[in-house]
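A.B. asks: What would the 3D arrangement of this be:
(one chain, ligands or ions: 1)
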Amino acid sequence: MASQTAPVAVSDQIKTRAYQVKGGRPLKGEVVLSGAKNAATKQLVAAILADEPVILHNIPMIGDVSATIEMLQGLGVGVTVEGHTVTIDPRTLKTSQVSEALSRKNRIPILLMGPLIHRFGEASIPALGGCKIGPRPVDIHLAGLEKMGAEITEGEGYYKAKCKKLKAAMIELRFPSVMATETLILAAVKAKGTTVITNAAVEPEILDTAKLLQSMGAIINLETNRTWVIQGVEKLTGAEHSVIPDRIEAASFGIAAALTKGSIFVRHARQDDLLSFLNAIRRVGVPFKVESEGILFGCNDEYNPIVLETDTHPGFMTDWQQPFVMLLTQAKGVSIVHETIFEDRFGYTESLVKMGANIQLHSDCLGSKECRFKHQNFLHSCIISGPTPLKAAEICIPDLRAGFSYLLAALMADGESRVTGVELIERGYEDIINKLQKLGADIKTE
Ligand code: EPU
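C.D. replies: Sure thing, here's the model as predicted:
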């Protein structure tokens, strides 16, 4: 088994642009959700498994999509962008080597392992990047690929894989990793035989990618008990698919309404994908109304403290945790949030404390259950006491989701804040300045 290289955070590379935000204005009106980042980027890669062009609609124009497109173009794939529709033409794919210049940009390249092995019998993937929220190894991806017959070696800054023909396997994941599940699905759809992936991730974004693959000709099923069953086929064809709306963006704007004492109709927000989020905000006291075209989020004079645990789907997403912690800074009393997915995803709270929040981090598993980080000294639980008014500050974004929670802090703080490192937000939130301005926010780019 190959060893791992720690990813370099994008935040270590870019801290250039900034937003100026004057807090205190209620956000009111409507926002239209963009396509989900964590489905779109995967589907751009999945498309190269076809023998014909694949048309993807509702692709968000965000930093991670640009990086994925750049990567595919570097491999020779034809890419046409028209508004939010991207056509991927895999017929011109010419190399199995992902450029090392794309090293440490994000985590998407690992997904190319299966598609490139299918086409060339080999793949070379540069070191991965991504948000700095824990070590983020790829052992589960690689162990699964090895079970399917790939021979993997790791060198300074790359992973290489070789295999004449991937074969089906019974693969039990040691943790239901989202991208490991996706890596193995993309390897299994054209492997010889039927692959069964157990203890797998079942996030809605993965299901959406499975739908694309089925439209392309794959035989793929989600069975009970976190099990994907994939019967390999020889060939995949062109297809047309529309990416699901972004449920992380939906939650972000829902909380923005509650925190700025406003009211936001989040068009295209889907209750199915937000069940655990909606339960949590109901317990806090944030009003919402589910409508046929979206969800209307409102506000209340007072919010209740709660105890919350992040989890894999269908639990409360780790990517909702950061805006939710912001919400709990305004609840009356003591709340607890236990992060069970990433060991190091509370670093961002330090700046919130400087702005006036009362947040303490702990290495114990606080809340109702123990997690795999028990006794490992990771500061993965936090106690939040509120409500606390926030004062404006100069804050530097450490990672994408923390970035939105800093925007929320700035939008509700007294005074003018300067938020730097905004490229990280723009990796995952489309047209964010414009969307916030339309809701009445006093925010501009420097
Ligand atoms: N893990 C391993 N070994 C592996 C893979 C994962 O130990 O081989 C561990 C990770 O270290 C982590 C846990 O498993 O502790 C869960 O990680 P997972 O693999 O599920 O995360 P991911 O696939 O790398 C995706 C999203 C993240 C999201 C997580 C969890 C993408 C591009 N990223 O990451 O999204 O937080 O799933 O739902 O899909 C974001 O959008 O800002 C973001 C970070």
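A.B. asks: Excluding sequence neighbours, find me the nearest residue to Glu182.
C.D. replies: Counting by CB to CB, 6 or more residues apart in numbering, Glu182 lies nearest to Lys42, which is 5.4 Å off, once chain neighbours are set aside. Every residue, glycine included, has its C-beta placed from N, CA and C.
A.B. asks: neighbours around the residue in the stretch 251-400 of the chain that the ligand sits nearest to, how many?
C.D. replies: Nearest to the ligand, among the residues of the stretch 251-400 of the chain, is Leu400, at 4.3 Å (CB to the nearest ligand atom). Using other CB atoms under 10 Å, Leu400 is surrounded by 26 other residues.
A.B. asks: so who does the closest residue to it other than its chain neighbours touch?
C.D. replies: Of all residues not flanking Leu400 in the chain, Gly428 sits nearest, at 4.6 Å (CB to CB, 6+ apart). Contacts for Gly428 were tallied using CB atoms under 8 Å, 6 or more residues apart in numbering; they are Lys37, Ile62, Gly63, Asp64, Ile248, Leu400, Arg401.
A.B. asks: okay but the third one is in contact with Arg427, surely?
C.D. replies: When you say that, I think you mean Gly63. Yes: the pair Gly63 / Arg427 is scored as a contact, 3.7 Å apart, by CB atoms under 8 Å.
A.B. asks: List phi and psi for the residue nearest to Glu182.
C.D. replies: With angles defined as degrees, to the nearest 10, Lys42 sits at phi -70, psi -40.
A.B. asks: residues near it, how many?
C.D. replies: Going by other CB under 10 Å, the residues that sit close to Lys42 add up to 26.
A.B. asks: just checking, it touches Pro109?
C.D. replies: No: the pair Lys42 and Pro109 does not pass the contact test of CB under 8 Å, sitting 11.9 Å apart.
A.B. asks: Report how many residues lie close to the nearest residue to Gly333 once chain neighbours are set aside.
C.D. replies: Computed as CB to CB, 6+ apart, the closest residue to Gly333 that is not its neighbour in sequence is Pro305, at 3.7 Å. Residues lying near Pro305 (other CB under 10 Å) number 19.
A.B. asks: show me what contacts Pro305?
C.D. replies: Val284, Leu328, Ala331, Lys332, Gly333, Val334, Ser335, Ile384, Gly386 are the contacts of Pro305 under CB under 8 Å, 6+ apart.
A.B. asks: need those in a markdown table with distance to the ligand and secondary structure, can you?
C.D. replies: Compiled in a markdown table, the contacts of Pro305 are given as follows (distance: CB to the nearest ligand atom, whole Å; DSSP: H, G, I helix; E, B strand; the rest coil):
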| residue | distance to the ligand | secondary structure |
| --- | --- | --- |
| Val284 | 22 | helix |
| Leu328 | 19 | helix |
| Ala331 | 24 | strand |
| Lys332 | 29 | coil |
| Gly333 | 28 | strand |
| Val334 | 26 | strand |
| Ser335 | 21 | strand |
| Ile384 | 20 | strand |
| Gly386 | 25 | strand |
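A.B. asks: As JSON lines, those with distance to Asp364, neighbour count and pLDDT would be great.
C.D. replies: Compiled in JSON lines, these are given as follows (distance: CB to CB, whole Å; neighbours: other CB atoms under 10 Å; pLDDT from 0 to 100):
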{"residue": "Val284", "distance to Asp364": "23", "neighbour count": "21", "pLDDT": "98"}
{"residue": "Leu328", "distance to Asp364": "18", "neighbour count": "27", "pLDDT": "98"}
{"residue": "Ala331", "distance to Asp364": "21", "neighbour count": "20", "pLDDT": "98"}
{"residue": "Lys332", "distance to Asp364": "24", "neighbour count": "14", "pLDDT": "98"}
{"residue": "Gly333", "distance to Asp364": "20", "neighbour count": "14", "pLDDT": "98"}
{"residue": "Val334", "distance to Asp364": "15", "neighbour count": "14", "pLDDT": "98"}
{"residue": "Ser335", "distance to Asp364": "16", "neighbour count": "24", "pLDDT": "98"}
{"residue": "Ile384", "distance to Asp364": "15", "neighbour count": "26", "pLDDT": "98"}
{"residue": "Gly386", "distance to Asp364": "21", "neighbour count": "19", "pLDDT": "93"}
